[in-house]
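Undergrad: quick one, fold the following:
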Amino acid sequence: MLTLPAASRNGQSVGFLDALFTATSAVCVTGLVVVDTYSQYSLFGQIVIMLLIQMGGLGIMTMATLVFLIFGKRITLRERLVMQEALNQLTLSGVVKLTRYIIATTIIFEGIGALLLSIRFTQIYGFARGIYYGIFHSVSAFNNAGFDLIGGFRSLTPFVQDPLVNLVIMGLIIFGGLGFSVLYDIFTTRNFQKLSLHSKVVITTTALLLITGFIGFYFLEHNNPATLGPLSPLGKILAAAFQSVTPRTAGFNTINLAEMTMPSKYLTILLMFIGASPGSTGGGIKTSTFALILMMIYTVMASKEDVEVYQKRIPRDNIFKAVAIAIMSLFLVFTTSFLLTFFEHTDFINILFETTSAFGTVGLSLGITPNLTSFSKVFIILTMFAGRVGPLTLALALAGNKKKAILKYPEERILVG
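TA: This is a model prediction of the structure:
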């Protein structure tokens with residue numbers, strides 16, 4: 001659809017590889033673009049991208065369930081089992097109810113976001129275009145996609161000191177990245193002490209990452225004349241806060257990322273690699289995976305037997321899975337970065353930044369995306385897909401059915417460290 005002449009603003013078809021890159025970036029809610037969304041795509045093309053973002057953010061099974069509910073089709077046990085896996089739930093109980101909640105939550109958050117953003121955009125772009133911009137950017141922000149219609153690859157840099165745009169976009173990114181099960185838990189429980197362990201870990205880790213990121217970016221960039229330096233005191237706070245939120249797989253930016261200091265680029269890479277939370281619209285290894293690895297390290301250093309948090313003991317298979325996800329993700333990022341060094345003549349930090357952004361389905365870039373070679377585009381497409389599906393899920397799908405061992409061999413230790 002994106003290769004159709006009707007999808008292009010100038011009537012000339014976009015090349016197949018560029019259209020595939022854009023479609024993958026939209027479905028994987030990444031936001032990396034090889035052509036400017038506003039300048040290249042017509043209204044039809046932009047709506048196609050917005051629909052792909054919505055479907056990619058909600059997930060295929062959620063969209064399928066929505067169709068079932070609209071047409072009154074009965075949802076079978078097999079479909080419920082698939083929904084359980086798709087929504088990353090531990091039990092089969094209540095998956096249809098949760099799906100209804102996901103659809104309702106998405107409509108409410110995107111509706112409120114579109115309304116608030118339209119207040120500012122209608123003042124700048126006129127009524128009809130302002131409303132459309134409000135809807136598009138609300139969908140893109142809540143689904144952590146990062147596509148924008150400002151034009152010129154500028155993202156939201158013209159609004160760097162605009163409190164309304166910054167706060168609304170940040171709010172949509174954070175709530176979209178928490179995960180629908182966490183939002184449902186908060187809505188039904190409304191008491192931190194009574195939340196599930198998963199929700200507590202996700203909320204705590206998210207808060208710590210946001211605060212750490214804000215402090216880091218503020219002090220690293222507040223005197224940088226190319227980023228936060230020229231801004232007002234409020235503008236510096238907004239820009240530092242936004243830069244802390246957006247690497248959580250959103251992809252919008254309000255400052256020139258290529259002009260950031262080297263420590264800020266590394267901090268952004270770290271935050272992009274961690275990403276959002278399980279069952280959310282974001283990517284990365286996930287906040288809970290990162291938290292479990294930190295807890296495991298603390299357990300080893302403290303010479304404890306079990307990993308414990310909030311007076312609960314974490315099963316060992318849960319820890320093994322977290323470690324496997326982190327190691328496979330690191331392998332994927334560094335392998336792709338290594339391959340890109342053959343085709344891209346730029347600093348390695350730019351390549352690592354681009355690859356991590358693709359894996360974390362973030363969409364931030366230091367400006368090299370439009371100039372990628374065809375081979376690099378293919379590698380980034382595959383990385384975006386693997387990042388959205390999940391390295392462990394992809395590996396298990398390729399490995400086939402799990403086989404239970406008939407016999408167990410005797411234990412023997414290996415020296416490590």
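Undergrad: quick check: which ranges of the stretch 201-350 of the chain have low pLDDT?
TA: Per-residue confidence for the stretch 201-350 of the chain (pLDDT under 70) gives no ranges below the cut-off.
Undergrad: so where do the helices sit in it?
TA: Using DSSP state H, counting those that start in this stretch, the helices of the stretch 201-350 of the chain run over 233-245, 262-274, 287-301, 316-340, 348-359.
Undergrad: most tightly surrounded among those helices?
TA: With neighbours defined by mean count of other C-beta atoms under 10 Å, none of the helices of the stretch 201-350 of the chain is more surrounded on average than helix 348-359, at a mean of 24. In this view, the C-beta of every residue, glycine as well, is placed from N, C-alpha and C.
Undergrad: and the next helix or strand past that helix?
TA: Scanning forward in sequence from helix 348-359, with DSSP states H and E defining helices and strands, the next element found is helix 374-389.
Undergrad: so how far is that next one off the chain centroid?
TA: Taking the mean of its C-alpha atoms, helix 374-389 sits 15 Å from the chain's own mean (C-alpha atoms, centre = their mean, to the nearest Å).
Undergrad: can you name the residues that contact the closest residue to residue 292 other than its chain neighbours?
TA: With sequence-adjacent residues excluded and distances taken as C-beta to C-beta, 6 or more residues apart in numbering, residue 292 is closest to residue 322, at 4.0 Å. With C-beta atoms under 8 Å, 6 or more residues apart in numbering as the criterion, the residues that contact residue 322 are 288, 289, 292, 293, 296.
Undergrad: okay, now the nearest residue to residue 42 once chain neighbours are set aside: neighbour count?
TA: Ranked by C-beta to C-beta, 6+ apart and with sequence neighbours excluded, the top spatial neighbour of residue 42 is residue 9, at 4.9 Å. Number of residues near residue 9 (other C-beta atoms under 10 Å) recorded here: 15.
Undergrad: roughly how far apart are residue 330 and residue 363?
TA: For residue 330, the distance to residue 363 under the criterion C-beta to C-beta, to the nearest Å works out to 20 Å.
Undergrad: actually, residue 122.
TA: Residue 122 sits 26 Å away from residue 363 when distances are taken as C-beta to C-beta.
Undergrad: those two: which is more packed in?
TA: In this view residue 122 and residue 363 are compared by other C-beta under 10 Å, and residue 363 has more residues nearby, 32 against 17.
Undergrad: just checking, that one touches residue 32?
TA: Yes: contact between residue 363 and residue 32 holds when scored by C-beta atoms under 8 Å: they sit 5.1 Å apart.
Undergrad: what's the overlap in contacts for those two?
TA: Between them, residue 363 and residue 32 have 25, 251, 357 as joint contacts when contacts are counted by C-beta under 8 Å, 6+ apart.
Undergrad: next up, the contacts around the last one.
TA: So the one you mean is residue 357. If a contact means C-beta under 8 Å, 6+ apart, then residue 357 has 30, 32, 251, 272, 363, 364, 365 as its contacts.
Undergrad: what about residue 135, how many residues nearby?
TA: Applying other C-beta under 10 Å, we find 20 residues neighbouring residue 135.
Undergrad: and it, what element?
TA: Take DSSP H and E as the rule and residue 135 turns out to sit in helix 127-142.
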